[in-house]
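**Q** Build me a model from this:
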Amino acid sequence: MRYPFRIPIGDWSKDGHGQCEWFTATAAVPIAKVRESFFATVQKFPDLDPQTICCDYGNGVIKKEVRAKLFKLGAPIGEEDDFGPEEMADLVIWFLNYGDPSLDVKLDESKETPMLPFYGFDKKKRHIRSFGYGLFTD
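**A** Alright, predicted model coming up:
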């Protein structure tokens, strides 16, 4: 069984520039376990956290030192000029699977599924913000 969820790239809460692209993915485990794995991976690799990449308005470029680390680990990043919402979604999926390959997260074309980030905080007072906010500059 596969569990669908959505990954928004940009301002999904519409409290800033309001631009967002949505990507649907599936995992081998429910969204709660995907989120737990995300938090664990962020704790283990904080300098590779997708929430901190291209996170400010107008910042659509990955820092050179972060890009070098990601490239060395086999992350799906191309040339600096080619990084956009689709590449950020691929990076988020790679990050999830890098932290826990058993998640087996893959892009999917389905709609109407829960998203990885969420409003508020979970029972452990954690929160997943946004990815790629800075990729939208128009």
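**Q** Could you check how many residues crowd around Q43?
**A** 10 (other C-beta atoms under 10 Å). Any C-beta I mention is one placed from the backbone N, CA and C, and that applies to glycine too.
**Q** ok, it to K124 distance?
**A** Distance check for Q43 against K124: by C-beta to C-beta, to the nearest Å, it reads 12 Å.
**Q** Helix, strand, or coil at the nearest residue to E109 once chain neighbours are set aside?
**A** Excluding the flanking residues, the one nearest E109 by C-beta to C-beta, 6 or more residues apart in numbering is T24, at 6.4 Å. When classified by DSSP: H, G, I helix; E, B strand; the rest coil, T24 comes out as strand.
**Q** close enough to count as contact, T24 and P8?
**A** No: taking C-beta atoms under 8 Å as the definition, T24 is not a contact partner of P8, at 10.4 Å.
**Q** one step back: the residue nearest to E109 - how many residues pack around it?
**A** 18.
**Q** measure it to F5 for me?
**A** Counting by C-beta to C-beta, the gap between T24 and F5 amounts to 8 Å.
**Q** Next: G134.
**A** G134 is 23 Å from F5, by C-beta to C-beta.
**Q** any low-confidence regions in the protein?
**A** 12-18, 79-81, 110-114, 137-138 (pLDDT under 70).
**Q** can you pull out the strands in this protein?
**A** 3-10, 20-27, 106-108 (DSSP state E).
**Q** what does the last one rub up against?
**A** This means strand 106-108. Identification of contacts with strand 106-108 by C-beta atoms under 8 Å, 6 or more residues apart in numbering yields R2, P4, F23, T24, A25, T26, A27, A89, D90, I93.
**Q** Please list only the buried members of the residues you listed.
**A** F23, T24, A25, T26, A27, A89, D90, I93 (16 or more other C-beta atoms under 10 Å).
**Q** middle-most residue in the protein, spatially?
**A** Nearest to the mean C-alpha position of the chain, counting by C-alpha atoms, centre = their mean, stands V92 at 3.3 Å.
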